[in-house]
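J.: sequence-free structure coming up:
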Ligand SMILES: NC(=O)C1=CN([C@@H]2O[C@H](COP(=O)(O)OP(=O)(O)OC[C@H]3O[C@@H](n4cnc5c(N)ncnc54)[C@H](OP(=O)(O)O)[C@@H]3O)[C@@H](O)[C@H]2O)C=CC1
Ligand SMILES: O=C(O)C(=O)Cc1ccc(O)cc1
């Protein structure tokens, strides 16, 4: 435990450097400088004049480039696109101040650590971080991974902890290998599921919330729509980077596509018993030890709809039961891979907790799984949509497996364009929904809801 006097002394004498003043870099720059740390930032050199003007009254300083940040900073944080990390560390790493601590914010740590090992001078310490939430989420209580990879002095670790403490996040200490394995599930597969839903809707040219109360209506459907659109309103490179650069993510996304395909095939073949047995086994494996209350309930989520329609007593307006293939497939994937998602709560993002919450709701609400299987086998209303969903899940899996950033960008942006007119409204409603869900979750990081 470091004394208040030491921290005050560090605040008066040490500099934090941030390379990459995008969404996350700016979040950190504001938080650290508000907490009294001296912060120096840069983005691409071409943007220097604009940024200097834009942040003229900010509490942090903007300089021309990463060399100038590096030579003055005691702790340097690279907050740049994952696909460029090697190139950017190669460029600025050798300018790091002697004995500096260096870290990054990229979402997958293997390429970042490799870049640091390859390009940083040997006297630099490597202590890297990852905030497991987006730039608009309140940092308080969210998981923050700290990876103490290489440090010559115990003081370096204390220093990073002191800097990070102003985020009020829940600090989790892991190796980079542990981090990448867990986040493949909590991030990459979660995104693959919602990306696939969005591309399936875009392919059939449907805004699901516009179909009245008959289809995609109700709390679980609101989650699917709001989270999918939330992802598509962000930058493609964040999702591409964390999936493509993480080898564990390739295998897990492939399993998600395979589970979707196999479950859908059982539906097409009318194999109700086989489908039921497989899903009951998955339920036992994933939720067998679950006790206590569920995180989510359908009525809590019902009000977060983009739809203007409401259900009335008229029987014609009864929502059609959905096969919920996207949710069945994630639970089946966890089962097939032997993953207990509750053990991954330490690296959970808000989106992962919600995905687990809705899956839990589907599998543990009495009678709901049985009703869903019944609909999946006997009701054809979602067949065409499920087919598109399976194709999309397989497409995303192929793009990630082939590490094709360009195709990822094209596919992402095509769907983004389709939903463009709705993204601002969807974001407002999605933010409200996420706020409510997070305030209802009891102890998100213990693994018990
Ligand atoms: N967004 C999120 O929700 C989260 C993202 N992350 C990770 O954090 C990192 C940053 O993400 P985010 O802030 O969202 O992305 P941004 O695109 O908003 O920020 C990255 C910034 O780095 C700039 N940059 C590129 N090259 C250089 C360079 N040579 N020198 C200085 N700056 C440069 C980029 O400029 P330009 O745009 O011109 O390339 C951009 O402004 C990513 O690795 C991401 O995976 C982690 C947690 C959450
Ligand atoms: O919560 C999510 O999954 C997000 O979409 C935001 C996000 C993106 C990248 C990260 O490394 C961490 C969080």
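T.: Perfect, I can see it now. This is a predicted model, so every value here is computed, not measured. Ligands and ions are numbered 1, 2, ... in the order given.
J.: my read is that residue 351 contacts residue 188, right?
T.: No. With contact defined as C-beta atoms under 8 Å, residue 351 does not count as touching residue 188 (11.4 Å). From N, CA and C alone the C-beta is placed, and that goes for glycine too.
J.: higher neighbour count, those two?
T.: For residue 351 versus residue 188, the count of surrounding residues by other C-beta atoms under 10 Å is larger for residue 188: 25 against 22.
J.: which residues touch the closest residue to the more buried one other than its chain neighbours?
T.: Closest residue in space to residue 188, ignoring its immediate chain neighbours: residue 249 at 3.5 Å, by C-beta to C-beta, 6 or more residues apart in numbering. Residue 249 sits next to 108, 184, 187-189, 242-243, 400 when contact means C-beta atoms under 8 Å, 6 or more residues apart in numbering.
J.: keep only these that also lie close to ligand 2.
T.: 187, 242 (C-beta under 6 Å from any ligand atom).
J.: among the contacts of residue 249, which two are most distant?
T.: Taking C-beta to C-beta, the two most distant members of the contacts of residue 249 are 108 and 189; they sit 13.4 Å apart.
J.: and the stretch 201-350 of the chain, which of its residues are near ligand 1?
T.: So the stretch 201-350 of the chain meets ligand 1 at 235, 238, 241-242 (C-beta under 6 Å from any ligand atom).
J.: let's have those residues in TSV, adding neighbour count.
T.: Formatted as TSV, those follow (neighbours: other C-beta atoms under 10 Å):
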residue	neighbour count
235	14
238	21
241	23
242	21
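J.: low-confidence ranges, the stretch 201-350 of the chain, go.
T.: 211-217, 297-300, 302-303, 306-319 (pLDDT under 70).
J.: residues in it within reach of ligand 2, list them.
T.: Residues of the stretch 201-350 of the chain that fall close to ligand 2, judged by C-beta under 6 Å from any ligand atom: 231, 238, 242, 349-350.
J.: how about a cut-off of 5 Å?
T.: residue 349 (C-beta under 5 Å from any ligand atom).
J.: for the stretch 201-350 of the chain, give the residue positioned nearest to ligand 2.
T.: Closest approach between the stretch 201-350 of the chain and ligand 2, counting by C-beta to the nearest ligand atom: residue 349, at 3.3 Å.
J.: was I right to think that residue contacts residue 188?
T.: No. Contact criterion C-beta under 8 Å: residue 349 and residue 188 do not qualify, at 10.9 Å.
J.: if I've got this straight, residue 381 is in a helix?
T.: No. Using DSSP: H, G, I helix; E, B strand; the rest coil, the assignment for residue 381 is coil, not a helix.
J.: ok, now how distant is it from residue 321?
T.: 8 Å (C-beta to C-beta, to the nearest Å).
J.: what about the two, which has more around it?
T.: residue 321 (17 against 14).
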